[in-house]
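**Student:** Prediction below, plus the sequence it came from.
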Amino acid sequence: MAEPGQSESSPATPPSLRLFFALWPDDATRDALNRTGKWLHQHWGGRRMRADTLHITLAFLGSTPADQLDVLAACADAVKTDAFELVLDQAGYWRHKRIGWLGASQTPPQHVDLVGALNAALQGAGFAVDARPHVPHVTLLRNTAGGEVPACVQVNWSVSDFVLVSSRTETDGARYEVIRRWPLS
Ligand code: ATP
Ligand code: MG
């Protein structure tokens, strides 16, 4: 509740950003993911995610005061994991969310290390992170009926960095902006 005389835009209210850490595809990988989205849409229908939104979430922070960005950056700086090859070879459907996605039949150990190290650092700094087991996936379709899972052409993704992203909700879906990148060794 705002105090009397204070409005939501009062300087006393620190600005906040909706934030998440993610794997962000290079242009060629993005094109391949987008082609897979088009193909899966032909099978399952729904709303295709725009090419510029395609990503894998590593840690979702949600609404975060902007003055916490330095703390978040320090958490990401502490992550020392290796670059890796991610093979996305499996389409999937989550009925409860009506989401169609592309994932990996085998999650590389470096991906597990990256997610584990990042979430541990965030938790250590006091951020609330998701304790559920992480399933790496690229959301391709929203509000889809799903169906039989078709065999798909795999997408090979050379993962050499991870990013911090800010998300704004607009009428036609989310708009994402990459704020910063961290290389993997
Ligand atoms: P919108 O919510 O506007 O429809 P969106 O879900 O793409 O669009 P965000 O809600 O900002 O945008 O989510 C950003 C990313 O974080 C997405 O990959 C989303 O799946 C993931 N995400 C959102 N909420 C959570 C959560 N509570 N736990 C884990 N991941 C989340
Ligand atoms: Mg959302």
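**Tutor:** The structure has been received and is ready for your questions. Residues are numbered from 1 along each chain as shown. Ligands and ions are numbered 1, 2, ... in the order given.
**Student:** what bridges to the most centrally placed residue in the chain?
**Tutor:** Most central in the chain under CA atoms, centre = their mean is residue 57, positioned 2.2 Å from the mean C-alpha point. Taking DSSP bridges as the rule, residue 57 bridges to residue 22.
**Student:** Scan the chain for its longest helix.
**Tutor:** helix 27-44 (DSSP state H).
**Student:** Which elements pack onto the helix or strand that it is followed by?
**Tutor:** Helices and strands here follow DSSP states H and E; after helix 27-44, the next one along the chain is strand 47-48. If contacts are counted by 3 or more CB pairs under 8 Å, 6 or more residues apart in numbering; DSSP states H and E, strand 47-48 sits against helix 27-44, strand 137-142. To be clear about C-beta, it is placed using only N, CA and C from the backbone, and glycine gets the same treatment.
**Student:** closest one to ligand 1 among the ones you listed?
**Tutor:** The closest of the helices and strands packed on strand 47-48 to ligand 1 is strand 137-142. By CB to the nearest ligand atom, the value is 6.0 Å.
**Student:** Need the phi and psi values for the nearest residue to residue 84 once chain neighbours are set aside.
**Tutor:** Distances taken as CB to CB, 6 or more residues apart in numbering place residue 110 nearest to residue 84, at 3.7 Å, with adjacent residues excluded. Dihedral pair for residue 110: phi -70, psi -30, per degrees, to the nearest 10.
**Student:** I am assuming residue 110 contacts residue 116, so please confirm or correct that.
**Tutor:** No: with contacts counted by CB atoms under 8 Å, residue 110 stays clear of residue 116, the gap being 10.5 Å.
**Student:** more crowded one of the two?
**Tutor:** residue 110 (16 against 13; other CB atoms under 10 Å).
**Student:** Who are the contact partners of the more buried one?
**Tutor:** 81, 82, 83, 84, 159, 184 (CB atoms under 8 Å, 6 or more residues apart in numbering).
**Student:** circling back to that earlier point, by contact count, what packs against the longest helix of the chain?
**Tutor:** Where contact means 3+ CB pairs under 8 Å, 6+ apart, helix 27-44 is packed against strand 47-48, strand 90-94, strand 99-103, strand 137-142, strand 155-159.
**Student:** One more pass at 6 Å, please.
**Tutor:** For helix 27-44, the packing partners by 3 or more CB pairs under 6 Å, 6 or more residues apart in numbering; DSSP states H and E come out as strand 99-103, strand 137-142, strand 155-159.
**Student:** about what we covered before: from the contacts of residue 110, which is closest to ligand 1?
**Tutor:** Nearest to ligand 1 among those, counting by CB to the nearest ligand atom, is residue 159 at 16.2 Å.
**Student:** Sweet, I'm off.
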